[in-house]
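Student: with the input below, show me the fold.
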Amino acid sequence: MLMLDMDVDLNNSHLLIIAACDLEAAHKLSLPVNLLLMHPDTHLTLNSTEVAIEAMTSRVIGAMAFSKAGQAALQAMVDSWYDKTGGQPPKLIDLSKGSEPRERLSTALRYIAQLYRFKVDKFVTHNSNLLRQMANLRIAQEETLSELEAIEQFLLKSVETRRWQVQSHGPILDDQTALFKLSSNTKLRQLLSASSMGVSDVSFMLINQEIPTEGSLTATLYLLETNKTIAQWVLPAADLTAGWQRLSLICALDQDEQSLHLSLEWRGEEHLWIAGSIHHPDADYCAKTGEDTYDRILAHQVWKYLPGSSAPVPEDAHWIGGPIPERFYIEPVRLANAVSADPNINCLQYFKSLEALQVHPVKGSITAGRIARGVPPSTNQIKATIGGRSEHGPKIEYALATAPLHPVRELGDLVMDCERHGRISDWLPLSKDVQGQLTLNLRAPSEKVSDLYLLTRLAPDESSQRGWATFRNIWLSA
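Tutor: Have a look, this model is predicted:
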């Protein structure tokens, strides 16, 4: 005989339908399930409370008849079950044939156990199918995430040295009205016409002037619609130089497009002169100081990167206070603006299509291109891609070096000083158009900004003809 596990709490979850006329017979058996009574007018009650059959279908494990009248009533209910509920009708167990009470109880418990087992099996099968579907969904999700990560890494690798300049309004230096005087505790404000999505940098320009030795300039970038401050840079007077002041975010702004607003506030005894740009017909986009609105805009530039991504930091940028970024890069435009370390030798040429600086060697001496202020403080390592541009080129030796700002000395003496202080790399020889990687590991990082030198010289017995030696893709690590 099949035994029903009495530890299973059936009373709170499963129902057995019986006819109201069979209630007394069912009570004599003390069945371990709740009874759902069907009355002659076909309405149902549970614990004397009328219920709708549509609300009970998930809990019904079967129907049981203890008399011929009950069997007939339940059969009619089973036959109409689908029309009323749209589901599979419960199994009807007929115990109306005469038998001893003990035998009837045994039969009833066996059938209830079978019905319960069938219900549990369906539940287990459903859960098993659900878990299998969840596993398949998880696998598909992981594959999708892996593909998205691969795409993201490809994009990041493809653009790792790129913060795209999307806007540039240069200064009008020959127009005295295109200047903004920034006195102490005065704010200069500008609504930028670029949308915020993906913005990674903005810049403004200080004209050529004698920069005050004391004071600080606070630059604040915020979103106009939500009045949310995105970043704030506090620039001491000692860090200011004439020219573009680039303000960089470590992480580019997300895809929530809003209007950008830039505010500049100077605190110092002497004033600063900020460069202005073109006239603008819309007063909302013109520069403002206090209650005054100018008829022109601030000279500024805007860069973007992949929205929400951590962008590499250009070495000439001001970044938000905090830990020093691990990596910097030198933008190609900085290579284009490099100068010859020896004013008597014109050895430099910038190739825009390659984003590379050619440092042409000269027989009998060292040649070098200097990138002013190219090495930020705390830099430990500098890497550059090097190589010639002619398959018939000579063997050329390449090196990287750093030195304090604007040294007043001859190039050969400068190189010797760099060798003494561990600020020059090994000389790496390359022939023809072979490309290579050059690394300078600094013995001790400088505490101040330094100049970067890109050095070349001819190997012994080589001619300078077609000595098209180039440097590009320069990275610095802290």
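Student: quick one, what contacts the nearest residue to residue 64 once chain neighbours are set aside?
Tutor: Closest residue to residue 64 apart from its sequence neighbours, by CB to CB, 6 or more residues apart in numbering: residue 93 at 4.6 Å. Quick note: C-beta positions are derived from backbone N, CA and C, even for glycine. Shown in contact with residue 93 (CB atoms under 8 Å, 6 or more residues apart in numbering): 62-65, 108, 111, 115.
Student: try 10 Å this time
Tutor: Under the criterion of CB atoms under 10 Å, 6 or more residues apart in numbering, the neighbours of residue 93 are 16, 18, 62-66, 71, 74, 107-108, 110-112, 114-115.
Student: just name the shakiest helix or strand of the chain by mean pLDDT.
Tutor: None of the helices or strands of the chain scores lower by mean pLDDT, DSSP states H and E than helix 101-158, at a mean of 80.
Student: what helix or strand is the residue nearest to residue 64 located in?
Tutor: Using DSSP states H and E, residue 93 maps to strand 92-94.
Student: from the chain's centre, how far out does the least confident helix or strand of the chain sit?
Tutor: Mean-position distance between helix 101-158 and its chain equals 34 Å (CA atoms, centre = their mean, to the nearest Å).
Student: likewise stretch 34-42?
Tutor: 62 Å.
Student: buried set for it?
Tutor: 35-38 (16 or more other CB atoms under 10 Å).
Student: which stretches of this structure form helices?
Tutor: Using DSSP state H, the helices of the chain run over 23-29, 68-85, 101-158, 332-336, 411-420.
Student: and those helices: which comes nearest residue 256?
Tutor: helix 101-158 (19.2 Å; CB to CB).
Student: which elements pack onto the closest one?
Tutor: Helix 101-158 sits against strand 15-19, helix 23-29, strand 60-65, strand 92-94, with contacts defined as 3 or more CB pairs under 10 Å, 6 or more residues apart in numbering; DSSP states H and E.
Student: any stretches of the stretch 301-450 of the chain with poor pLDDT?
Tutor: 407-408 (pLDDT under 70).
Student: could you pull out the strands in it for me?
Tutor: Applying DSSP state E, counting those that start in this stretch to the stretch 301-450 of the chain gives strands spanning 313-314, 317-319, 327-329, 339-340, 348-351, 356-359, 367-375, 381-387, 396-404, 428-430, 435-441, 450-458.
Student: need those strands in TSV with mean neighbour count and distance to residue 142, can you?
Tutor: Below are the strands of the stretch 301-450 of the chain laid out as TSV (neighbours: other CB atoms under 10 Å; distance: least, CB to CB, whole Å):
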stretch	mean neighbour count	distance to residue 142
strand 313-314	22	32
strand 317-319	20	35
strand 327-329	19	29
strand 339-340	14	53
strand 348-351	17	44
strand 356-359	24	41
strand 367-375	22	43
strand 381-387	21	35
strand 396-404	23	43
strand 428-430	16	43
strand 435-441	15	35
strand 450-458	25	44
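Student: columns distance to residue 213 on top of those, output as a markdown table?
Tutor: Output for the strands of the stretch 301-450 of the chain, formatted as a markdown table (distance: least, CB to CB, whole Å):
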| stretch | distance to residue 213 |
| --- | --- |
| strand 313-314 | 26 |
| strand 317-319 | 18 |
| strand 327-329 | 27 |
| strand 339-340 | 26 |
| strand 348-351 | 33 |
| strand 356-359 | 34 |
| strand 367-375 | 18 |
| strand 381-387 | 30 |
| strand 396-404 | 19 |
| strand 428-430 | 42 |
| strand 435-441 | 33 |
| strand 450-458 | 21 |
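Student: figure out which of those is closest to residue 252.
Tutor: Judging the strands of the stretch 301-450 of the chain by CB to CB, what sits closest to residue 252 is strand 313-314, at 11.7 Å.
Student: that closest one pairs with which strands?
Tutor: Taking DSSP bridges as the criterion, strand 313-314 forms sheet pairs with strand 327-329 (parallel).
Student: contacts for the strand it pairs with next, please.
Tutor: The contact list for strand 327-329 (CB under 10 Å, 6+ apart) reads 160-163, 248, 311-317, 319, 374-376, 379, 381-383, 473-478.
Student: on that earlier part again, pull the most distant pair out of the buried residues of stretch 34-42.
Tutor: Put simply, by CB to CB the two of the buried residues of stretch 34-42 set farthest apart are 35 and 38, 10.0 Å from each other.
Student: intersection of neighbour lists for these two?
Tutor: Counting by CB under 10 Å, 6+ apart, the shared contacts of residue 35 and residue 38 are 17-18, 20, 22, 45.
Student: list just the nearest of those to residue 417.
Tutor: Closest to residue 417, out of all of those and judged by CB to CB, is residue 17, at 99.8 Å.
Student: and the spatially closest residue to the closest one that is not a sequence neighbour, how many neighbours?
Tutor: Nearest non-adjacent residue to residue 17, counting by CB to CB, 6+ apart: residue 63, 4.1 Å away. By other CB atoms under 10 Å, 27 other residues sit near residue 63.
Student: so in terms of bridging, what pairs with residue 63?
Tutor: Residue 63 has the following beta-bridge partners by DSSP bridges: residue 17, residue 92.
Student: that one contacts residue 70, doesn't it?
Tutor: Yes. Using CB atoms under 10 Å, residue 63 is in contact with residue 70, at 9.3 Å.
Student: identify the contacts common to these two.
Tutor: Shared contacts of residue 63 and residue 70, defined by CB under 10 Å, 6+ apart, comprise 18-19, 38, 94.
Student: verify the stated contact: residue 302 with residue 260.
Tutor: Yes. Look at residue 302 against residue 260 with CB under 10 Å: they come within range, at 8.0 Å.
Student: just to revisit the earlier point, and the helices of the chain, which is most packed in?
Tutor: helix 332-336 (a mean of 18; mean count of other CB atoms under 10 Å).
Student: chain center to stretch 21-32: distance?
Tutor: Relative to the centre of its chain, stretch 21-32 is centred 67 Å away, using CA atoms, centre = their mean.
Student: end to end on it, go ahead and measure it.
Tutor: Distance between the two ends of stretch 21-32: 19 Å, counting by CA to CA, to the nearest Å.
Student: how far away is residue 216 from residue 182?
Tutor: According to CB to CB, to the nearest Å, residue 216 and residue 182 sit 12 Å apart.
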